[in-house]
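Engineer: predicted model and sequence below, questions to follow.
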Amino acid sequence: MPGDVDVPREAQIVVIGGGVLGTSAAFHLAAAGQQNIVLLDRGPIAGGTTPFAAGQTAYLPANHGLLPFTTYCIDFFERFAEHTGYAIDFHQNGSLRIALTDQHLSGIDTRLEAAHAIGDAAERLTPQQAKELAPHLDVPDAKGILFAPRDGYIEPRSVAAGYAAGARDRGVTICTRTPVTGVEVVDGAVQAVQTAAGTIRTQWVVLAAGAWTRQFSQQLGLNIRAVPVRHQAFVTAPLRGVNASQPVVRIVDTQVYARPEAGGLLVGGYGYRPLSFDMDALPHRFEIPDLEADQIYYQQLMDAAIEAFPVLRDAGVIQERRGLPTITPDGQYLVSEVDQVQGLVIVSGCQVGGIWSSPGLGRIVADIVSGQDRLPAEAFKVDRFAHAYAHDTSLRSQCERVYACHYWDLY
């Protein structure tokens with residue numbers, strides 16, 4: 001079915017994907033002065049995995065080389081309305097990163113060093129100080145607790161909607177309910193994008209199709225090293241003592257996170273039965289809400305979370321969330337051009353942090369098209385894997401392994 005907006009027959013840039021990465025790319029391109037931009041999605045804006053995200057920020061990286069990127073992201077979110085013209089629901093309550101054993105203390109130390117490098121007020125807390133901020137938290141024997149005051153969480157739809165509205169105000173044409181059926185390449189260069197509503201001639205294509213990015217790229221003879229891996233979380237009924245101003249909590253050893261949500265707690269985690277997907281093996285009309293729940297995962301997650309939040313033992317679960325974020329073999333983002341197809345920019349590998357990373361990834365897309373170099377992006381090159389993980393089995397196995405140790409700074 002065609003969308004509500006007529007699809008133009010020509011554009012300078014076509015962005016495929018209306019999730020948080022695609023909308024950020026469209027906004028940043030328009031804000032950088034690019035014109036004649038079209039954003040396409042087969043569904044509504046902020047679809048796919050975006051609305052099911054936890055939306056947590058993490059501006060202090062273990063890899064200090066990422067500081068320019070993470071600083072750009074947190075600065076952008078703090079001034080989102082100033083940048084885009086639209087406000088977002090950003091609860092900047094800080095975050096607690098907790099190491100229960102000596103094994104994971106180095107991650108606390110390196111992030112504290114990152115804070116000092118940018119003059120940030122992050123600090124170590126005692127278990128009692130942490131409990132004062134998050135009343136239901138019970139980790140009396142924790143070896144290290146880092147409080148990062150500029151962190152928080154963001155309502156995911158508000159971010160994608162804000163980008164899209166800001167892009168529209170800057171002249172971007174947004175076509176929803178417009179499936180993309182192919183990308184036409186002639187003599188190694190992008191020529192057009194084919195849609196259910198007609199063909200758009202274009203010089204640039206930005207592929208930000210979320211879980212479907214790998215399938216789109218395979219049609220062009222590319223082997224993009226990023227696969228969707230299932231991530232799940234749950235939301236409890238309201239709990240007495242939970243308040244909207246308490247920080248995000250991350251328990252490194254058990255890889256569990258928790259944050260306030262509608263009077264209860266949103267709880268998620270990593271390392272429990274990781275499962276990657278081949279999107280071609282799913283039904284043609286598959287959408288993220290169709291993703292089947294893994295109840296064993298949820299039970300394992302609940303058991304682990306209860307160790308730090310005993311209140312969960314008697315908490316009722318009112319919502320289950322799940323999505324398919326894209327994971328790369330080295331745990332780093334993918335955003336760059338590709339050698340094989342001139343005019344094609346890939347943006348993928350959100351690492352279960354697409355909301356948080358969206359400002360920086362959108363900025364890099366705009367830099368690529370504009371020929372600028374505002375953010376360092378060499379580590380995010382799509383072709384960095386050379387001939388490694390050329391086969392699906394090895395690629396999916398490695399990406400599942402990366403997902404399974406997401407909090408442990410191994411990659």
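Structural biologist: Done, it's in. Numbering: from 1, shown residues only.
Engineer: strands of the stretch 1-150 of the chain, start to end?
Structural biologist: Listed in chain order, the strands of the stretch 1-150 of the chain (DSSP state E, counting those that start in this stretch) span 13-16, 37-40, 90-91, 95-99, 123-124, 144-148.
Engineer: now those strands as CSV including mean pLDDT and distance to Leu105?
Structural biologist: Where C-beta positions appear, they are placed from N, C-alpha and C, glycine not excepted. Formatted as CSV, these follow (pLDDT from 0 to 100; distance: least, Cβ to Cβ, whole Å):
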stretch, mean pLDDT, distance to Leu105
strand 13-16, 98, 42
strand 37-40, 98, 44
strand 90-91, 96, 28
strand 95-99, 98, 5
strand 123-124, 98, 10
strand 144-148, 98, 5
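Engineer: mind checking which of these is nearest Ala196?
Structural biologist: Between Ala196 and the strands of the stretch 1-150 of the chain, the shortest gap by Cβ to Cβ is with strand 37-40, which sits at 9.9 Å.
Engineer: packing partners for the closest one?
Structural biologist: Using 3 or more Cβ pairs under 8 Å, 6 or more residues apart in numbering; DSSP states H and E as the contact test, the elements touching strand 37-40 are strand 13-16, helix 20-31, helix 156-169, strand 173-175.
Engineer: mean confidence score for the last one?
Structural biologist: Strand 173-175 shows a mean pLDDT of 98.
Engineer: following it, which helix or strand comes up?
Structural biologist: Counting by DSSP states H and E, the next helix or strand C-terminal to strand 173-175 is strand 180-186.
Engineer: contacts for that next one next, please.
Structural biologist: Contact with strand 180-186 is made by 16, 40, 42, 190-196, 199, 205, 207, 209, 216, 219-220, 341, 344, as judged by Cβ atoms under 8 Å, 6 or more residues apart in numbering.
Engineer: and the contacts of the following helix or strand past it?
Structural biologist: Once strand 180-186 ends, the next helix or strand along the chain (criterion: DSSP H and E) is strand 189-195. Residues lying outside strand 189-195 but in contact with it, judged by Cβ under 8 Å, 6+ apart, are 7, 14, 16, 40, 175, 178-185, 199-205, 341-344.
Engineer: now whatever helix or strand comes next after strand 189-195, how far from the centre of its chain.
Structural biologist: Once the chain leaves strand 189-195, the next helix or strand it forms, by DSSP H and E, is strand 198-201. Relative to the chain's own centre, strand 198-201 is displaced by 29 Å; criterion: Cα atoms, centre = their mean, to the nearest Å.
Engineer: got it, and stretch 84-98?
Structural biologist: Stretch 84-98 sits 15 Å away from the centroid of its parent chain (Cα atoms, centre = their mean).
Engineer: how about it: buried residues?
Structural biologist: Along stretch 84-98, these residues count as buried under the neighbour rule (16 or more other Cβ atoms under 10 Å): Thr84, Tyr86, Ile88, Phe90, His91, Gln92, Asn93, Gly94, Ser95, Leu96, Arg97, Ile98.
Engineer: only alpha carbons, please: show stretch 326-337 as PDB.
Structural biologist: In PDB, the C-alpha atoms belonging to stretch 326-337 read as follows (Å, rounded to 0.1, in the frame of the first residue of the first chain):
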ATOM      1  CA  THR A 326      22.300  -5.500  15.600                       C
ATOM      2  CA  ILE A 327      25.600  -6.700  16.900                       C
ATOM      3  CA  THR A 328      29.100  -6.800  15.200                       C
ATOM      4  CA  PRO A 329      32.000  -9.200  15.800                       C
ATOM      5  CA  ASP A 330      34.100  -6.600  17.700                       C
ATOM      6  CA  GLY A 331      31.300  -4.800  19.600                       C
ATOM      7  CA  GLN A 332      31.800  -1.600  17.700                       C
ATOM      8  CA  TYR A 333      29.400   0.300  15.400                       C
ATOM      9  CA  LEU A 334      29.300   0.100  11.600                       C
ATOM     10  CA  VAL A 335      29.000   3.400   9.800                       C
ATOM     11  CA  SER A 336      30.900   4.200   6.600                       C
ATOM     12  CA  GLU A 337      30.900   4.000   2.800                       C
END
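Engineer: quick one: average confidence on that stretch?
Structural biologist: Along stretch 326-337, the predicted confidence averages to a pLDDT of 98.
Engineer: helices or strands up against the biggest helix by length in the chain?
Structural biologist: Looking across the chain with DSSP state H, the single longest helix is helix 354-370. Contact partners of helix 354-370 among helices and strands, from 3+ Cβ pairs under 8 Å, 6+ apart: helix 20-31, helix 67-78, helix 156-169, strand 204-207, strand 334-337, strand 344-348.
Engineer: so which of these is nearest Gly47?
Structural biologist: With Cβ to Cβ, the closest approach to Gly47 among these belongs to helix 156-169: 8.7 Å.
Engineer: now do the buried residues in that closest one.
Structural biologist: Taking 16+ other Cβ under 10 Å as the neighbour-count basis, helix 156-169 is seen to contain the buried residues 156-168.
Engineer: and these, which two are the farthest apart?
Structural biologist: Distance extremes for the buried residues of helix 156-169: the farthest pair is Pro156 and Arg168 at 18.9 Å, using Cβ to Cβ.
Engineer: quick check, distance from stretch 203-212 to the centre of its chain.
Structural biologist: For stretch 203-212, the distance between its averaged C-alpha position and the chain's averaged C-alpha position is 15 Å (Cα atoms, centre = their mean).
Engineer: end-to-end on that stretch?
Structural biologist: In stretch 203-212, first residue to last residue: 22 Å (Cα to Cα, to the nearest Å).
Engineer: and for stretch 322-334?
Structural biologist: Looking at stretch 322-334, the gap from its leading to its trailing residue is 22 Å under the measure Cα to Cα.
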